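Peer 1: model this:
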Amino acid sequence: MERRFSPVLFAALSFGIAVLYIPILVLIAYSFNASPLVSVWGGFSTQWYGALFHNRQILDAALLSLEVAVASSTAAVVLGTLASIALVRFGRFPGRLMLTGMVNAPLVMPEIITGITQLLLFVSMLQMFSWPHRGLTTIVIAHIAFCTAYVTVTVQSRLQSADRSLEEAAMDLGSSPAQAFVEVTLPIIAPALISSWLLSFTLSLDDLVISSFVSGPGASTLPMVIYSKVKLGVSPDVNALASLIICAVGTCVIVAGYFMRRAEKQRLLEMQSAERG
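Peer 2: Residues are numbered from 1 along each chain as shown. The predicted structure follows:
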């Protein structure tokens, strides 16, 4: 059936793209502004990128945010995968309803409520066990808690659609259940695992509210530093920092999408070869 060109649909698509990407392009352009006033164009210059790489506060905050994002997203993928396996493969078991509620609660809970509850939890634990002290550890734990929910939902949907018969065939050929899962099912759900890790990494890197509640002295993440600077007025070096983050995230998404698409094509080719054989 031939599809007709719809001016209304095209206009809506163009408007949506413009709203999303024109502000980003403007921000990148003004990161090369020679003027210290972000609202006044003073010519092309890269001085703010040089100033950015000499700003120890921003560099330390960026390094801390990367450490937190990598640690929390990796741990969240492991815990979320285990939770999704329990929900998909184990059927009905005692505590399933509670586990489902625990998984879905962070998805609908306001961040400020999550931050307050995490703060009260860490304060109580510090009083009872003298651990953890507010800082890097508490930020990582808090980020793992809400990132795990997103991983579980993503991996669970992919695991439900995976063909269980392939894993059973591997066990019939002599593989143990764990070996069959690692060698057969894990590659099938690998795109979901990669997507979950990238999503968790982005959520952790972007988080401001929860980090503000659970962080301690000397443990300021990048969003916290940027927010404190913006309250005093937008600084040109913040534009440079935002431009670098946009470019880095965009590159990672493109590279990850390429490898995921290649892996999916390879999987389809292998399945077609197996069917022909």
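Peer 1: Show me the chain divided up by domain.
Peer 2: Residue ranges for the domains of the chain, per automatic domain parsing: 9-45, 49-276.
Peer 1: Same list, those domains, but as JSON lines with mean neighbour count please.
Peer 2: (Each C-beta comes from the backbone N, C-alpha and C, glycine too.) JSON lines is the format used below for these (neighbours: other Cβ atoms under 10 Å):
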{"stretch": "domain 9-45", "mean neighbour count": "12"}
{"stretch": "domain 49-276", "mean neighbour count": "16"}
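Peer 1: Including mean pLDDT, could these go into JSON lines?
Peer 2: Output for the domains of the chain, formatted as JSON lines (pLDDT from 0 to 100):
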{"stretch": "domain 9-45", "mean pLDDT": "85"}
{"stretch": "domain 49-276", "mean pLDDT": "87"}
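Peer 1: does Phe181 really touch Glu167, like I thought?
Peer 2: Yes: between Phe181 and Glu167 there is a contact at 6.4 Å, judged by Cβ atoms under 8 Å.
Peer 1: overlap in contacts of those two?
Peer 2: Shared contacts of Phe181 and Glu167, defined by Cβ atoms under 8 Å, 6 or more residues apart in numbering, are absent.
Peer 1: which residues in the stretch 1-150 of the chain form helices?
Peer 2: In the stretch 1-150 of the chain, the segments counted as helices under DSSP state H, counting those that start in this stretch are 7-30, 47-52, 56-89, 96-108, 111-129, 136-161.
Peer 1: With distance to Val40 as added columns, please give those in CSV.
Peer 2: Compiled in CSV, these are given as follows (distance: least, Cβ to Cβ, whole Å):
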stretch, distance to Val40
helix 7-30, 10
helix 47-52, 14
helix 56-89, 23
helix 96-108, 43
helix 111-129, 35
helix 136-161, 37
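Peer 1: quick one, which of those is nearest to Ser228?
Peer 2: With Cβ to Cβ as the criterion, Ser228 lies closest to helix 56-89 of the helices of the stretch 1-150 of the chain, at 9.5 Å.
Peer 1: Any idea how far that closest one is from the middle of the chain?
Peer 2: 8 Å (Cα atoms, centre = their mean, to the nearest Å).
Peer 1: Ok, stretch 264-277 next?
Peer 2: Its chain's average C-alpha position is 31 Å from that of stretch 264-277, according to Cα atoms, centre = their mean.
Peer 1: Alpha carbons of it, as CSV, please.
Peer 2: Extracted in CSV, the C-alpha atoms of stretch 264-277 (Å, rounded to 0.1, in the frame of the first residue of the first chain):
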residue,chain,number,x,y,z
GLU,A,264,21.1,-8.4,16.0
LYS,A,265,21.9,-9.0,12.3
GLN,A,266,24.4,-11.6,13.2
ARG,A,267,21.9,-13.3,15.5
LEU,A,268,19.3,-13.3,12.7
LEU,A,269,21.8,-14.8,10.2
GLU,A,270,22.7,-17.5,12.7
MET,A,271,19.0,-18.4,13.2
GLN,A,272,18.4,-18.5,9.5
SER,A,273,21.4,-20.7,9.0
ALA,A,274,20.2,-23.0,11.7
GLU,A,275,16.7,-23.3,10.2
ARG,A,276,18.2,-24.1,6.8
GLY,A,277,20.5,-26.7,8.3
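Peer 1: So what touches that stretch?
Peer 2: Against stretch 264-277 from outside (Cβ under 8 Å, 6+ apart): Pro187, Ile188, Pro191.
Peer 1: Not counting its neighbours along the chain, what's nearest the second one?
Peer 2: It refers to Ile188. Nearest residue to Ile188, sequence neighbours excluded (Cβ to Cβ, 6 or more residues apart in numbering): Ala162, at 5.0 Å.
Peer 1: could you list every residue that touches that neighbour?
Peer 2: Ala162 neighbours (Cβ under 8 Å, 6+ apart): Thr185, Ile188, Ile189.
Peer 1: same question, Val108
Peer 2: Val108 neighbours (Cβ under 8 Å, 6+ apart): none.
Peer 1: now it: how far from Ser84?
Peer 2: 18 Å (Cβ to Cβ, to the nearest Å).
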